[in-house]
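1. based on what follows, work out the 3D shape:
(one chain, ligands or ions: 1)
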Amino acid sequence: MTTASSNPAEARHPRPLGGDTARQHARDQVVSLSGMVLNNEPDTPHQLSIGKKPAWIRAKAPGGEAFRETKALIEAHGLHTVCQEASCPNIGECWSRGTATIMILGDTCTRSCGFCNIKTGRPAETDLDEPRRVAELLSRIPLKHVVITSVDRDDLPDGGAAIWAETIHRVHEACPNMSVEVLVGDFKGSKQDLELVIEARPEILAHNMETVRRMHPAVRPQADYDRSLQVLGWIRDSGLVSKTSIMVGIGETDEEVDGILSDIRAVAGTDILTIGQYLQPTRNHLPIDRWVHPDQFNAYRQQGLSLGFKVVESGPLVRSSYHAEEQARQLSPDARETATAMEAILSHARGGRIASN
Ligand code: SF4
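-> As a prediction, this is how the structure comes out:
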């Protein structure tokens with residue numbers, strides 16, 4: 001007879017089915033995860049090679065003058081970044097290049113996803129001055145493309161859509177040559193709230209699927225696979241450039257990855273896709289099920305392109321906002337000059353069209 005776990009995160013985690021694509025390449029020690037969260041069938045032992053990080057998970061250490069300047073600017077404006085709050089492994093590289101992903105609507109999320117390191121709880125009062133400070137900060141950074149995201153604010157009647165719209169308008173006004181990519185939540189499936197963001201015409205509008213259908217109850221308990229597909233479909237219908245991201249190594253199989261890519265293209269026709277390795281931020285988060293080998297990431301890329309995604313960024317350290325400017329540039333057939341591509345994206349978002357590959 002089996003005993004139910006007293007830890008709700010353990011109890012709700014489906015049994016990972018993913019194979020270990022890294023097994024043939026890694027000499028890492030094999031550790032037993034039985035008795036951890038893989039316990040939907042606690043009598044069955046699971047052995048996965050998740051020991052030491054493989055050699056391909058190597059990120060640049062944070063530091064250097066450019067890194068410190070970016071940090072100081074963000075702090076001076078009293079803003080938050082997902083780079084810090086989500087413990088992103090790329091912070092050393094991105095901040096040294098002067099790019100960061102601004103996180104609006106505060107630093108406290110009303111949801112509690114099993115993979116995410118952002119603080120969860122009851123958010124402080126909404127900061128109505130935040131859009132102005134975001135625009136002011138960005139006007140001081142010589143970027144051609146910026147990514148802005150937010151915590152989920154299920155406590156607000158519009159999910160934060162009005163603050164989103166004001167932020168986009170203010171950034172467009174303060175930085176006319178900067179394209180704005182925004183990564184939004186699902187607004188609990190409210191098309192009306194999403195439309196407020198769409199009407200502000202960001203150049204790229206992203207919503208992340210994060211994981212395959214079977215893993216949703218553990219990974220995104222307050223979200224819904226079909227609802228997220230619907231949000232992506234509404235973004236496609238708006239004519240804006242659409243984007244989504246998934247992570248792998250959290251319990252899915254490669255067949256399920258094929259399935260989610262097919263679903264996204266079939267239901268929502270999304271333009272840009274990113275795929276990266278899940279990294280467990282703390283021991284209280286869902287465990288890593290497998291290290292996906294770079295060869296498999298290349299296979300995902302090929303699969304995505306064959307399904308019709310226009311741009312696929314796939315690799316161990318890829319995150320939704322990683323190299324976002326380059327992804328935007330690839331959308332243009334004449335991608336040699338950033339400025340040309342950005343003009344194309346700006347013109348697309350304002351009613352023109354980009355030729356696709
Ligand atoms: S990948 Fe995105 S979240 Fe991570 S450091 Fe770079 S900009 Fe920030």
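
2. which bits of the protein sit near the ligand?
-> 82-83, 88, 90-91, 94, 99-101, 319, 321-322 (CB under 6 Å from any ligand atom). Where you see a C-beta, it was placed from the backbone N, CA and C, and this is true even at glycine.

3. next step: the residues you listed restricted to strands.
-> If you go by DSSP state E, these have Thr101 in strands.

4. min pLDDT across the residues of the chain next to the ligand, which one?
-> Among the residues of the chain next to the ligand, Thr99 has the lowest pLDDT, at 85.

5. which SS class is the nearest residue to Glu93 once chain neighbours are set aside?
-> Nearest residue to Glu93, sequence neighbours excluded (CB to CB, 6 or more residues apart in numbering): Lys60, at 4.4 Å. Recorded secondary structure, Lys60: coil (DSSP: H, G, I helix; E, B strand; the rest coil).

6. residue of the stretch 151-300 of the chain with the smallest distance to the ligand?
-> Gly276 (8.9 Å; CB to the nearest ligand atom).

7. isn't that residue right up against His323?
-> No - counting by CB atoms under 8 Å, Gly276 sits too far from His323 to count as a contact (11.1 Å).

8. okay, the nearest residue to Gly189 once chain neighbours are set aside: pLDDT?
-> Excluding its sequence neighbours, the residue lying closest to Gly189 (CB to CB, 6+ apart) is Arg227, at 4.7 Å. Looking at Arg227, its pLDDT is 98.

9. could you report the neighbour count for Arg265?
-> 16 (other CB atoms under 10 Å).

10. for the one helix or strand the residue nearest to Gly189 maps to, which outside residues touch it?
-> Assigned by DSSP states H and E, Arg227 belongs to helix 225-238. Outside helix 225-238, the residues within contact range by CB atoms under 8 Å, 6 or more residues apart in numbering are 186-187, 189, 191, 194-195, 198, 205, 207-210, 212-213, 216, 242, 244, 263-264, 267-270.

11. do stretch 127-135 as well
-> With CB under 8 Å, 6+ apart as the criterion, stretch 127-135 contacts 77-79, 102, 104-106, 148, 163, 166-167, 169-171, 173-175.

12. buried subset of the residues you listed, written for PyMOL?
-> Of the contacts of stretch 127-135, the buried ones go into a single PyMOL selection, burial set by 16 or more other CB atoms under 10 Å:
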select buried, resi 77+79+102+104+105+106+148+163+166+167+169+170+171+174+175
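
13. lowest-confidence helix or strand of this protein?
-> strand 31-32 (a mean of 31; mean pLDDT, DSSP states H and E).

14. quick one: the strands in the chain?
-> Using DSSP E, the strands of the chain run over 31-32, 47-48, 80-81, 101-104, 145-150, 179-183, 204-206, 241-248, 272-277, 311-314.

15. which residues does the last one contact?
-> Meaning strand 311-314. In contact with strand 311-314 (CB under 8 Å, 6+ apart) are residues 271-276, 297-298, 300-301, 304-305, 322-323, 326-327, 330-331.

16. hang on, the earlier thing: any chance of JSON lines for the residues of the chain next to the ligand, columns neighbour count?
-> Converted to JSON lines, those look like this (neighbours: other CB atoms under 10 Å):
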{"residue": "Val82", "neighbour count": "26"}
{"residue": "Cys83", "neighbour count": "25"}
{"residue": "Cys88", "neighbour count": "25"}
{"residue": "Asn90", "neighbour count": "21"}
{"residue": "Ile91", "neighbour count": "23"}
{"residue": "Cys94", "neighbour count": "26"}
{"residue": "Thr99", "neighbour count": "21"}
{"residue": "Ala100", "neighbour count": "25"}
{"residue": "Thr101", "neighbour count": "26"}
{"residue": "Arg319", "neighbour count": "24"}
{"residue": "Ser321", "neighbour count": "29"}
{"residue": "Tyr322", "neighbour count": "22"}
